[in-house]
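Novice: Have a look; sequence and predicted model below, questions after that.
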Amino acid sequence: MVLQYSNQETSVTIGESVRDEDVFVLQSTKPNDINDGLMELLIIINACKTASARRITAVLPNFPYARQDKKDKSRAPITAKLMANMLQTAGCNHVITMDLHASQIQGFFNVPVDNLYAEPSSVKWIRENLLHESERGQEVNGHHQECVIVSPDAGGAKRATSMADRLNLGFALIHKERSAPGQVSRMTLVGDCHNKIAVIVDDMADTCGTLAKAADVLHEHGASDVVALVTHGILSGKAAETLKHSKLSRIVITNTVPVTEEKLKALTVPEGEEGCRLEQIDIAPVLAEAIRRTHNGESVSYLFSHPVA
């Protein structure tokens, strides 16, 4: 049971014995409640540790502070490293997460980290919804259904090329220059998207300014349709408004981050009307299978390349 005192302190009570048990603590990070959720997680882990749990695994679908993974300017903190230290100090023995912003964050830990991928589920979604189980370039419903996988920045090129190879599709890259954190000043497309469905692949959508500008660039270069496929749909600030006025026809996210009813309603487009429609991929089966395999001492690497129904 989790309570908050009147001064906003968090109080945790474990309702049953966890002595010598294998404990899994699942904590998703709400966009407007990250620090409270993080503190709650640390207290729960420590409560389980002092209650003599045999092993404690933190299941973090979206790892908090993952973008602060390096010292990119003077006196900047490496907050992702601090996160690792705090989790370990609290008593965490193992971490399960999904699509880390930077894979090297795993090296910040002295305990095992399983970084799961949304790629198998994303590839399955593209096959079922865009390729219609046809081979690339075959005629579908009277027109050629050809897609191109697009990375919105150089950092995501590896993720996008991996998906393009698995689907036997073309690949394009958008080079972007930032004027300030979260603000993109210029974008340049490298690759061909003319008369193709452009699928923008990224690990997170926060303010969605990058996705909206990328969609504009792809439309300018002749893309017939633009779809965004993102793992962590943070959708903070005016993200819903930005998406509604963008050239994107759909944004597909996983449910690693809870989406408020208000944002779901804002991105619900009636059938037949134009606009950016929000769709979700359920990754609960992937996390559940990872937990089962961890508990039973089985290999988790199968999940890196195979979707879980």
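Specialist: Here it is on my side, so go on.

Novice: show me what contacts the nearest residue to His219 once chain neighbours are set aside?
Specialist: Distance criterion Cβ to Cβ, 6 or more residues apart in numbering; nearest residue to His219, sequence neighbours excluded, is Lys247 at 4.7 Å. Any C-beta I mention is one placed from the backbone N, CA and C, and that applies to glycine too. Residues near Lys247 by Cβ atoms under 8 Å, 6 or more residues apart in numbering: 212, 215-216, 218-219, 226.

Novice: Show me this protein divided up by domain.
Specialist: Following automatic domain parsing, the chain resolves into domains at 2-118+285-304, 122-281.

Novice: How far does the lengthiest strand in the chain sit from its chain's centre?
Specialist: Counting by DSSP state E, the longest strand found in the chain is strand 170-180. Using Cα atoms, centre = their mean, to the nearest Å, the distance from the centre of strand 170-180 to the centre of the chain it belongs to is 19 Å.

Novice: Just the buried positions in it, please.
Specialist: For strand 170-180, burial by neighbour count (16 or more other Cβ atoms under 10 Å) applies to 170-174, 176.

Novice: Considering those residues, which is situated nearest to Leu42?
Specialist: Lowest distance from Leu42 to the buried residues of strand 170-180 (Cβ to Cβ) belongs to Lys176, with 35.1 Å.

Novice: Packing partners of the longest strand of the chain?
Specialist: strand 147-151, helix 157-167, strand 183-190, helix 209-220 (3 or more Cβ pairs under 8 Å, 6 or more residues apart in numbering; DSSP states H and E).

Novice: quick one on the thing from earlier: distance to Ser301 for the buried residues of strand 170-180 - can I get that in TSV?
Specialist: Below are these laid out as TSV (distance: Cβ to Cβ, whole Å):
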residue	distance to Ser301
Gly170	28
Phe171	25
Ala172	30
Leu173	28
Ile174	31
Lys176	33
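
Novice: Relative to Leu267, which of the residues you listed is nearest.
Specialist: When the buried residues of strand 170-180 are compared against Leu267 (criterion: Cβ to Cβ), the nearest one is Ile174, at 22.8 Å.

Novice: which stretches of the stretch 1-150 of the chain form strands?
Specialist: 2-4, 10-12, 22-26, 55-60, 94-98, 113-116, 139-140, 143-144, 147-151 (DSSP state E, counting those that start in this stretch).

Novice: So which of the ones you listed is nearest Ala47?
Specialist: Across the strands of the stretch 1-150 of the chain, closest to Ala47 is strand 10-12 (Cβ to Cβ), at 5.1 Å.

Novice: nearest to Ile253, of the strands of the stretch 1-150 of the chain?
Specialist: Closest approach to Ile253 among the strands of the stretch 1-150 of the chain is made by strand 94-98 (12.2 Å; Cβ to Cβ).

Novice: Can you tell me the strand partners of that closest one and which way each runs?
Specialist: Using DSSP bridges, the strands paired with strand 94-98 are strand 55-60 (parallel), strand 113-116 (parallel).

Novice: Please tell me which one of the contacts of Lys247 counts the most neighbours.
Specialist: With neighbours defined as other Cβ atoms under 10 Å, the most crowded of the contacts of Lys247 is Leu218; it has 30 neighbours.

Novice: Excluding chain neighbours, what is closest to it?
Specialist: Closest to Leu218 by Cβ to Cβ, 6+ apart is Ala198, at 4.4 Å.

Novice: bridging residues for Ile253?
Specialist: Beta bridges link Ile253 to Val230, Gln280, judged by DSSP bridges.

Novice: Give me the distance between it and Asn32.
Specialist: From Ile253 across to Asn32, the span is 17 Å (Cβ to Cβ, to the nearest Å).

Novice: tell me the contacts of Ser151?
Specialist: 157, 159-161, 171-174, 200-202.

Novice: quick one: low-confidence ranges for the stretch 201-309 of the chain?
Specialist: 272 (pLDDT under 70).
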